[in-house]
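J.: what shape does this take:
(chains A and B)
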Amino acid sequence: MTTPFSPVLPGSANPGGAAPATPRNLPQKGGEANPTAAAIAATFPAVFVRSEVIWGDTSVYVHPHGVTEVARWLHDDPSQRYDYLSDVTAVEFRDAEQPLEVVWHLRSLPYRRFLRLKASLDRRKPLVVDSVWPIYKGADWLERECYDMFGITFTGHPDLRRILMWESYREGFPLRKDFPLRGRFSRAEQLRQALSITTEGRYSMEELSVAQAFEDLPEDMRRRLAGGERTGE
Amino acid sequence: MATTTRTVEVALGTGGIDEHGRPIRTPMMVTDNGQVTTLEPPPMGVAPELEGEHMLINIGPQHPATHGVLRLVLELDGETVVRCIPHIGYLHCGFEKIGEYRQYNQVIPWTDREDYLNSIGNNVAFAIGAERLFGVEVPPRCTVLRVIASELSRIISHLVWLGTTCIDLGAFTPFLWSFQERENVYNLFESWIGARLTTTATRVGGMAADIPDGWTDQLRHFIRSFPKTVDECDRMLTKNGIWVGRTTALGVMTADEAINYSLSGPMLRASGVAYDVRKDFPYLDYETYDFEVPVGSNGDVYDRYLVRVEEMRQSTRILEQALNRLPDGPVNSDDHRVILPPKNRAMSDMESMIHHFKQVMEGPRPPIGEVYVPVESPKGEKGYYFVSDGTAKPVRWRIRPPSFLNLSAISKMVEGHLLSDVIAINASIDIVMGEIDR
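T.: The predicted structure follows:
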């Protein structure tokens, strides 16, 4: 009847490892590094920049063009198996000299390891980095949010558009440091824009069919959409 | 027209917990000709002769069954969902941006308001992260109180989930039972912190308040009475034919898919992945508590229900152990970098007054560095990522929202299911839009 069910147990690839415990009295710098950092340095000398241990977590800096390559290896290599993407985000420092950093928080469930992968982007150039979506499907919304908030373009992402802000938002990227807390536009301008939004247009057939998907729609529906038909009418 | 007759009867056995900590059950299906098979997801799509014009419908953003301001655009073929496009962001308030303009302790009230069903759990998560960034250790009494707070918060969050999901699927009674129990926990919070929903219970280096006299007795009373409610809901639903029929084989995620889509919490565990932050990356001494991690085997809505119900029982176990070990002593750390001097000293002693003034006006300054501390919130792995440049305000305060990632898989989960099942699947994710939109 049923095949015997076996749950996926974290830490199963490392059975002799120490039992996880609440970290105590961690040093700010230094301490035991994640062995993956040395492995990345040995396997990808061309893209490895540096690694450091802060408050017990290992950060590995790589060149932006090598991120996909490293992430693919981390995901697939049997000695690493970083199968879980915790987070994708970016950090912009208040100091204008410091580059903008893109941060991937990776987790290896089989080995119970945690790794912070970082890539520095020059703020004077276009902010472009490769998407890890082909490797981790969970990166879809995380990268969209990162694009929405910081304006970083993830090449290879299937559907990179704003997610938290609306499509017609024109004030820029809210989490950038040059973006004022209250927004770029005056209150009067924000109000004017809000009042001039045609809500009906946002619920038209065309908007609902969501941009690029138009070609996938059935023939008769495309015909009706092209004629300007709206839902509910 | 070839049709397959399905679900004449669903036999189900729930027999406690096996050695892996997952609920034992054997879902089976008896077809018309008496053949017993195991349960499978319904066939995708529709029969070719029923194909026709696709229809687009819009659910939300103002719809009670979307559990918040979520908008789903569904492309339907008949009643079957061909594609689902979620739209979020209606509740976006820019928490992360505001956090960059606030001192660490001033950010804590914002954490109440993101996942507002787990506000005290967020306070605890924030405090743990900030304390690691400051390099501060808290006394044992504080740690145990935080465990109690987190587990109570897990219980109320799961109770809200249970109640609202029952309403979505047409069962009204468990909603009343679960909200009654939730009220009891809010009374406990009220007598401890003074607030019910927006608790702001922690500070960097301690708690806002110690528990009042007699509070532990109230909690013991709750621990005694609460399992009865869980059992009642369990009896009401677990073997209920309507409930089982409306939840089994819906929104199935396999273990590999669930990991690849970065699901967490009950969503991930229902798919058979025994990943629980409390076990695998412990905090608050969770490794010293004796509790099980329930794991599902099918990854459907029904399994998510079983996992959450069992988690409430396990939380009660943790609460009991925490109460038994609750030590005496101070709740706040004595680290002068983050803790205010005692009020009587600040009023009488010049140095203490200056210290107090600088702590309040300038705020404590962490060293340069960054931390990411995940905790197991009721929704899944919640993490706060802090980056500090040595000033009193974080350079970056990032919330890793579990509901956001769980919701991102909804397009995949609802594909091929019926429109009415979209409601069940959406409910099973346990979303809180405050956390998703932040």
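J.: isn't A:Gln193 up against A:Phe185?
T.: Yes. Taking contacts as C-beta atoms under 8 Å, A:Gln193 lies within contact range of A:Phe185: 7.3 Å. Any C-beta I mention is one placed from the backbone N, CA and C, and that applies to glycine too.
J.: contact residues of the stretch 251-400 of chain B facing chain A?
T.: Selection of the stretch 251-400 of chain B residues close to chain A by C-beta under 8 Å from any C-beta of the partner chain yields B:255, B:257, B:259-263, B:272-275, B:279-287, B:295, B:297, B:367, B:369-372, B:374, B:381, B:383, B:385, B:387, B:389, B:391, B:395-396, B:398, B:400.
J.: show the buried residues in these.
T.: For those, a burial check counting by 16 or more other C-beta atoms under 10 Å in any protein chain shown picks out B:255, B:257, B:259-263, B:272-275, B:279-286, B:295, B:297, B:369-372, B:374, B:381, B:383, B:385, B:387, B:389, B:395-396, B:398, B:400.
J.: can you name the residue of chain A nearest to chain B?
T.: A:Gly138 (2.7 Å; C-beta to the nearest C-beta).
J.: pLDDT at that residue, what is it?
T.: Looking at A:Gly138, its pLDDT is 90.
J.: apart from its chain neighbours, what residue comes closest to it?
T.: B:Ser262 (2.7 Å; C-beta to C-beta, 6 or more residues apart in numbering or on different chains).
J.: likewise A:Glu171?
T.: In space, A:Glu171 comes closest to A:Arg184 once its chain neighbours are excluded; the distance is 4.4 Å by C-beta to C-beta, 6+ apart.
J.: what count of nearby residues applies to the one you found?
T.: 13 (other C-beta atoms under 10 Å in any protein chain shown).
J.: ditto for B:Ile354
T.: Residues near B:Ile354, counting by other C-beta under 10 Å: 12.
J.: check which helix or strand it maps to.
T.: helix B:350-361 (DSSP states H and E).
J.: go on, B:Leu74?
T.: strand B:71-77.
J.: which strands and helices sit next to that strand?
T.: If you count contacts as 3 or more C-beta pairs under 8 Å, 6 or more residues apart in numbering or on different chains; DSSP states H and E, strand B:71-77 packs onto strand B:54-59, strand B:80-87, helix B:419-429.
J.: just those: most buried one?
T.: helix B:419-429 (a mean of 22; mean count of other C-beta atoms under 10 Å in any protein chain shown).
J.: can you name the next helix or strand after it?
T.: Criterion used, DSSP H and E; the element after helix B:419-429 is helix B:433-437.
J.: helices and strands around that following helix, which ones?
T.: helix B:402-408.
J.: quick check: buried residues in the longest helix anywhere in chain A?
T.: Determined from DSSP state H, the single longest helix within chain A is helix A:139-150. Using 16+ other C-beta under 10 Å as the test for burial, helix A:139-150 gives A:Ala139, A:Asp140, A:Trp141, A:Leu142, A:Glu143, A:Arg144, A:Glu145, A:Cys146, A:Tyr147, A:Asp148, A:Met149, A:Phe150.
J.: now do stretch B:300-310
T.: Buried residues in stretch B:300-310, counting neighbours by 16+ other C-beta under 10 Å, are found at B:Asp300, B:Val301, B:Tyr302, B:Asp303, B:Arg304, B:Tyr305, B:Leu306, B:Val307, B:Arg308, B:Val309, B:Glu310.
J.: direction included, what does the host helix or strand of B:Glu376 pair against?
T.: Under the criterion of DSSP H and E, B:Glu376 resides in strand B:369-377. Note on strand B:369-377: by DSSP bridges, its sheet partners are strand B:380-388 (antiparallel).
J.: and A:Thr58, which helix or strand is it part of?
T.: A:Thr58 belongs to strand A:57-62, assigned by DSSP H and E.
J.: give me the mean pLDDT for that strand.
T.: On average, strand A:57-62 scores 92.
J.: show me what that strand is packed up against.
T.: So strand A:57-62, by 3+ C-beta pairs under 8 Å, 6+ apart, packs with helix A:35-43, strand A:48-54, strand A:113-121, strand B:369-377.
J.: residues in contact with it?
T.: By C-beta atoms under 8 Å, 6 or more residues apart in numbering or on different chains, the surrounding residues in contact with strand A:57-62 are A:33-34, A:36-37, A:40, A:44, A:47-53, A:70, A:114-120, B:370-372.
J.: buried sites along whatever helix or strand comes next after it?
T.: Downstream of strand A:57-62, the next assigned helix or strand under DSSP H and E is helix A:67-76. Neighbour counts over helix A:67-76 (16+ other C-beta under 10 Å) mark A:Val67, A:Thr68, A:Glu69, A:Val70, A:Ala71, A:Trp73, A:Leu74, A:His75 as buried.
J.: output the contacting helices and strands for helix A:67-76.
T.: Using 3+ C-beta pairs under 8 Å, 6+ apart, helix A:67-76 sits against helix A:35-43, strand A:100-108, strand A:113-121, strand A:128-130.
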